[in-house]
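Asks: Give me coordinates for this.
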Amino acid sequence: MDIQQLKYYLALCREENFTEAGFACNISQSSLSKQIKKLEKELDVTLIRRNTRKFEITKEGQIVREYAEEIIRLNEDMLKKLHSSSEIRIGSMPVLAPYHLSVHLEEFHRLHPNIRLSLDEHPADRILADIDSYDFLILRSLLVADEKKYISQILYDDVLCAVVYDTHPLAGRTSVYLNELKDETFIFPEKNSGGYEAFYESCKKAGFEPNIQYNFPQTNTVFSFVREKAGVTVSFQKVCLSCDCSGLSVIPLKDDFHYPIALIYPRSRKLSEVQKAFFNFMKKAVCNSL
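Replies: Predicted structure coming up:
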């Protein structure tokens, strides 16, 4: 007895006709009949009474039908779980390039070629809105409203820099305090991007409300407006290193502001063995790269 035989039998029970059931199963009527007889022989029972004009399932046949439905359901659940366990779904804010996370992801794939990494890179608010669609999130920690509900592994911590045009009075300084920019016009990333929240919170911690003139989704656009002297901005050192900073002066901040990027998943979730392997790999890989 095998799963396919049970599927044939259930199709026959549904259609109540050998010809129609054979058509539904994409086999001939005679082939279906042989499979049903083979199943009856293996179980040593009669499933279908063949000596009446009306299709009739025997008492034993009804018992087999009930168990067959449960076996098929369990088999499908098993296959679904096996398939899903070989895929890790990651929702990430756009930080992969500046922080070279792709190096670690590709190394994990090399070590585990049968595990598929499905990666969605979107603005932080969109990732958070679809949080249940992912196994893990890669976000700046400050975006997680209730940290107690999540397990977090810090991947990177970065320092903030002031970014001004190259003829700005502060250009060329080796470091500055953020409140030295309190009277400036600011150009920020879009809200809910992660960067906006970190920069705005930093200004508040420095004791002032930033005068934000523009918001743009791309760092290069923000920098281009700073280059044109439309204002100044704040950014992360790693991000600055990955962007075109010609015509700009990038100045480290003396303020001790930290907004780490973390690998996150809900504390209530029990990780599969595959998910544990990924989380532990990332934890070890990041520690070794620090």
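Asks: and stretch 127-146, how far apart are its ends?
Replies: Start and end residues of stretch 127-146 are separated by 16 Å (CA to CA, to the nearest Å).
Asks: Check stretch 169-183 too.
Replies: End-to-end distance for stretch 169-183, by CA to CA: 13 Å.
Asks: can you check stretch 224-244 too?
Replies: Stretch 224-244 stretches 9 Å from its first residue to its last (CA to CA).
Asks: so how far is stretch 257-269 off the chain centroid?
Replies: Distance of stretch 257-269 from its chain centroid, counting by CA atoms, centre = their mean, to the nearest Å, is 13 Å.
Asks: buried residues in that stretch?
Replies: By 16 or more other CB atoms under 10 Å, the buried positions in stretch 257-269 come out as Phe257, Tyr259, Ile261, Ala262, Leu263, Ile264, Tyr265. For glycine as for every other residue, the C-beta is placed from the backbone atoms N, C-alpha and C.
Asks: which residues touch the one helix or strand Lys276 maps to?
Replies: Taking DSSP states H and E as the definition, one finds Lys276 inside helix 273-289. The contact list for helix 273-289 (CB atoms under 8 Å, 6 or more residues apart in numbering) reads 85-86, 88, 104, 107-108, 111-112, 115, 135-136, 153-156, 263, 265, 271.
Asks: same question, stretch 247-259
Replies: Contacts to stretch 247-259, defined as CB under 8 Å, 6+ apart, come from residues 140-142, 157-166, 168, 170-178, 194, 198, 201-202, 205-206, 223, 226-227, 234-237, 240.
Asks: Please enumerate the helices of the stretch 151-290 of the chain.
Replies: 195-205, 219-227, 237-242, 273-289 (DSSP state H, counting those that start in this stretch).
Asks: what's near enough to touch the most centrally placed residue in the chain?
Replies: Geometric centre of the chain, nearest residue: Ile90, 2.1 Å, by CA atoms, centre = their mean. For Ile90, the contact set (CB under 8 Å, 6+ apart) comprises Leu117, Ser118, Leu119, Asp120, Tyr134, Asp135, Phe136, Leu137, Ile138.
Asks: Of those residues, just say which sits nearest to Ser30.
Replies: When those are ranked by distance to Ser30 (CB to CB), Ser118 comes first, at 44.8 Å.
Asks: To which secondary structure element type does that closest one belong?
Replies: Per DSSP: H, G, I helix; E, B strand; the rest coil, the secondary structure class of Ser118 is strand.
Asks: That one pairs with what?
Replies: Counting by DSSP bridges, Ser118 forms beta bridges with Arg89.
Asks: shouldn't it be in contact with Ser86?
Replies: No: judged on CB atoms under 8 Å, Ser118 makes no contact with Ser86 at a distance of 10.7 Å.
Asks: Tell me how many other residues crowd Asn26.
Replies: Neighbourhood size, Asn26 [other CB atoms under 10 Å]: 7.
Asks: Quick one: closest of the helices of the stretch 151-290 of the chain to Leu39.
Replies: Nearest to Leu39 among those is helix 273-289; the distance by CB to CB comes to 35.6 Å.
Asks: ok, and for that closest one, which residues are buried?
Replies: By neighbour count on 16+ other CB under 10 Å, the buried set for helix 273-289 is Val274, Gln275, Ala277, Phe278, Phe279, Phe281, Met282, Ala285, Val286.
Asks: ok, the third one to His112 distance?
Replies: This means Ala277. Going from Ala277 to His112 by CB to CB, to the nearest Å gives 7 Å.
Asks: Which two among the contacts of Ile90 are spaced furthest apart?
Replies: Farthest pair in the contacts of Ile90 (CB to CB) is Leu117 and Leu137. Separation: 14.0 Å.
Asks: So between those two, which is more surrounded?
Replies: In this view Leu117 and Leu137 are compared by other CB under 10 Å, and Leu137 has more residues nearby, 24 against 15.
Asks: Just confirm that one contacts Arg89, I think it does.
Replies: No: in this structure, Leu137 is not within contact of Arg89 by CB under 8 Å, at 10.0 Å.
Asks: Would you mind identifying the next helix or strand past the helix or strand hosting Arg14?
Replies: Element membership of Arg14, judged by DSSP H and E, is helix 3-15. Downstream of helix 3-15, the next assigned helix or strand under DSSP H and E is helix 18-25.
Asks: List the buried residues for the lowest-mean-pLDDT helix or strand in the chain?
Replies: Here the helix or strand of the chain ranked lowest by mean pLDDT, DSSP states H and E is helix 96-99, holding a mean of 78. Neighbour counts using 16+ other CB under 10 Å place Leu96, Pro98, Tyr99 of helix 96-99 among the buried residues.
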